[in-house]
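Trainee: need a structure here:
(one chain, ligands or ions: 1)
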Amino acid sequence: MKTIVQVALDLLEIDRAVQIAKEALEGGVDWIEVGTPLIKSEGMSAIRRIRKEFPGYTVLADMKTIDTGSIEVEMAAKSGADIVMILGGSDNSTIDDSVRSAHQYGVKLMADLMSVNDPVERAIQLEKMGIDYINVHVGIDQQMQGYDPIYLLKDVVDAVNVPVAVAGGIDEQRSSEIVNTGADIVIVGGNITRSDNVSRAAKTIRSSVDSPSKFQVSKQSLDDEIYELLTSTSTPNISDAMHRKGAMRKIIPLVQDTKMVGKAVTVQTFEGDWAKPVQAIDIAKPGDVIVIYNSSKDIACWGGLATFSCLNKGIAGVVVDGAVRDVDDITNIGLPIFAGNTVPNAGDPKGFGEINSEITCGSQNVRPGDYIVGDNNGVVVVPKERAYEIARRSKEIEKGEQRLYDEVKRGRTLSDIAQLNKWEKQ
Ligand SMILES: O=C([C@H](O)CO)[C@H](O)[C@H](O)COP(=O)(O)O
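Mentor: Presented below is the predicted three-dimensional model:
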């Protein structure tokens, strides 16, 4: 059987979803999924509209049903779905009644294994109960924590006879691996729908499914992966991923067009004293960012020579909540330096303060080892425990904006695309 490619329309607005579905079909996808966010935003009319716009195509409604299976399957079926997705972890009573309803209304059922305790055992049970397709799925929030559906796939494929679908952050490389593992349906959401060229993205997935290559899975360290993700996304995207938090206040770049990413070495110092900030250069490791709090905006605790000696240690940049001097030298050196103020006068090396204690910088709490990211917009602090998740979420936000830029390029305005009137808080 040819491997099916299904595009998951996880958007909020039906008009955008229809347009994206058209472009995805041009790129070669087979099935169209009306995603859960779209169903929650637009209701059953989203399924009706997709059915009407795309006669002859298989339409799946991702209802994620967990209760009242019979009613929800009936609703989706009557709205035009061919396949209805229910949660595999639902109570057996819900699965049984969904199956009866599916038979009554002539639709198929796909069961989603997301968050199921023993997915392989449950997949076997679901098949026995009359489910037509099994979906090995890692949800979007789970993906941001590093979960991957591929690890479970082989065991499920080996355990059941019904076709197996896979979903959860599938891209070109993953789709090849999935086909090689024996899946029958590849479900792709964001990597098609949020692309700035939907049909090209769909085509790429299509060819990787039809001619799967043997990708070498490169195993990066977690730190390297975080670093790579944070380097390739902007501080606005990171702040959005943190629910608009994390941005330092009143801290601006002294050197334009630089990018700074690294782990914090923190410095607490006091008015008129520059000893600890400079000693921190010896303590910092290559790639670290020195983050300094100095209570004075009128006496510099950092300057050109300190900046220059950072180069010998491979330090990624410096943030000073306080004053800095030697702006011309700093600009020539080109190391990313962010500060609250510039002044001509410095203090003395007295030695008060501390290195690597928890500090406040730009009104943000900073602990040693937190990730610090700076660019032309300013500086954000990413708590170390959530660094991977935030880096992944930032990248997703960046992807979503790519598609929005593409739609604005076609002549629409942002408020129109995002339906701002509809989504104003009531
Ligand atoms: O089912 C999905 C998710 O739970 C949101 O409703 C997605 O459609 C599915 O994960 C595919 O989307 P991507 O993970 O973005 O590929």
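Trainee: CA only for contacts and neighbour counts going forward, please
Mentor: Noted.
Trainee: quick one: stretch 412-426 to chain centroid distance?
Mentor: Here stretch 412-426 is found 22 Å from its chain centre; the criterion is Cα atoms, centre = their mean, to the nearest Å.
Trainee: likewise for stretch 271-283?
Mentor: Relative to its chain's centre, stretch 271-283 lies at 37 Å (Cα atoms, centre = their mean).
Trainee: got the CA coordinates for it in PDB?
Mentor: The C-alpha trace of stretch 271-283 is given here as PDB (Å, rounded to 0.1, in the frame of the first residue of the first chain):
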ATOM      1  CA  GLU A 271      29.000  51.500  42.800                       C
ATOM      2  CA  GLY A 272      32.500  52.600  41.900                       C
ATOM      3  CA  ASP A 273      34.000  49.100  41.900                       C
ATOM      4  CA  TRP A 274      35.000  47.100  38.800                       C
ATOM      5  CA  ALA A 275      37.100  44.300  40.300                       C
ATOM      6  CA  LYS A 276      34.600  41.400  40.300                       C
ATOM      7  CA  PRO A 277      33.400  42.000  36.700                       C
ATOM      8  CA  VAL A 278      36.900  41.800  35.400                       C
ATOM      9  CA  GLN A 279      37.800  38.800  37.600                       C
ATOM     10  CA  ALA A 280      34.800  37.000  36.100                       C
ATOM     11  CA  ILE A 281      36.600  36.900  32.800                       C
ATOM     12  CA  ASP A 282      39.100  34.400  34.300                       C
ATOM     13  CA  ILE A 283      36.300  32.300  35.800                       C
END
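Trainee: that one: which residues count as buried?
Mentor: Using 16 or more other Cα atoms under 10 Å as the test for burial, stretch 271-283 gives Glu271, Gly272, Asp273, Trp274, Ala275, Lys276, Pro277, Val278, Ala280, Ile281.
Trainee: okay, and which of these map to helices?
Mentor: Using DSSP state H, the subset of the buried residues of stretch 271-283 located in helices is Ala275, Lys276, Pro277, Val278, Ala280, Ile281.
Trainee: tell me which other helices or strands the helix or strand containing Val320 touches.
Mentor: Following DSSP states H and E, one finds Val320 within strand 317-324. For strand 317-324, the packing partners by 3 or more Cα pairs under 8 Å, 6 or more residues apart in numbering; DSSP states H and E come out as strand 260-269, strand 289-294, strand 300-302, strand 337-342.
Trainee: output the ones you listed as JSON lines; include the columns mean neighbour count, mean pLDDT and distance to Glu74.
Mentor: Shown next, in JSON lines, are the helices and strands packed on strand 317-324 (neighbours: other Cα atoms under 10 Å; pLDDT from 0 to 100; distance: least, Cα to Cα, whole Å):
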{"stretch": "strand 260-269", "mean neighbour count": "26", "mean pLDDT": "98", "distance to Glu74": "52"}
{"stretch": "strand 289-294", "mean neighbour count": "29", "mean pLDDT": "98", "distance to Glu74": "57"}
{"stretch": "strand 300-302", "mean neighbour count": "29", "mean pLDDT": "97", "distance to Glu74": "69"}
{"stretch": "strand 337-342", "mean neighbour count": "24", "mean pLDDT": "98", "distance to Glu74": "59"}
